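1. Generate a structure from the sequence data that follows.
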Amino acid sequence: MTSKAVDAILFDLGGVLIELGPSPVPDAALRGVDRFTLVDWFKSATAVSFEKGQIDAREFAAALIEELGIDCDVDRLIDHFTRWPIGLFSGAEVLLPRLRRDYRLAVLTNTNELHWPRFDTDFKLTRYVDDIFASHRLGMSKPDAGIFEHVVAELGIAPARILFVDDNRVNVEAARRQGMQAEQVQGFAELTRLLIARGIYVVDD
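-> Sure, this is the predicted structure:
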């Protein structure tokens, strides 16, 4: 049975709908520096500036190389970073069209000028969701309250009837402060289990 407690589902991308590679930085460039993880990415001032559209790709790459003290040139880092998102998780192409029959589907993603073109060209994301809210185009990023307020206004749906799903606990808590239903998942399997548990997605026998 369709859950009527939710009118829209708002997805994060990386770690929820899109699989990411092990690191946004080439491992070989680290040379003794600890692996740069997704947690590190969330904390990086350079990453935040890039995802808010405040610096361009080459400025970003040069600043991240300096921030990490890594042995890598700008072009190599840009190439590796651009390919960091691998693609939609297996099963997403089935899940999203089925959800879209009953719910408005939207994406709220902290992203940048390098990954943004791939969402349509490589991943065909616009086939599966109704709205995409991208941080670098809005000049705001999660977990800022303003970006959630913008999304609610654009969707025209009461926040209490929006389910937000993200892999970052800080973003989930920010969404809850704005009155959204919000849940943390790590990967597509957890996302599917969450939607089944809430009665939003029913698996065919």
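2. hey, let's count contacts and neighbours off CA atoms from now on
-> Fine.
3. correct me, but residue 89 touches residue 19?
-> Yes - the pair residue 89 / residue 19 is scored as a contact, 5.6 Å apart, by C-alpha atoms under 8 Å.
4. could you give me the average pLDDT of stretch 185-200?
-> The predicted model gives stretch 185-200 an average pLDDT of 96.
5. what distance separates that stretch from the centre of its chain?
-> On the basis of C-alpha atoms, centre = their mean, to the nearest Å, stretch 185-200 is displaced by 16 Å from the centre of the chain it belongs to.
6. buried sites along it?
-> Neighbour-count burial for stretch 185-200, counted by 16 or more other C-alpha atoms under 10 Å, picks out 185, 187-188, 191-192, 194, 200.
7. out of those, which are inside helices?
-> If you go by DSSP state H, the buried residues of stretch 185-200 have 188, 191-192, 194 in helices.
8. For those, could you give me CSV that also reports distance to residue 48?
-> Formatted as CSV, those follow (distance: C-alpha to C-alpha, whole Å):
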residue, distance to residue 48
188, 25
191, 25
192, 29
194, 29
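9. you'd agree residue 202 is in a strand?
-> No - using DSSP: H, G, I helix; E, B strand; the rest coil, the assignment for residue 202 is coil, not a strand.
10. Can you verify my assumption that it contacts residue 194?
-> No - taking contacts as C-alpha under 8 Å, residue 202 lies outside contact range of residue 194: 11.1 Å.
11. which neighbours do the two share?
-> Residues touching both residue 202 and residue 194 (C-alpha atoms under 8 Å, 6 or more residues apart in numbering): none.
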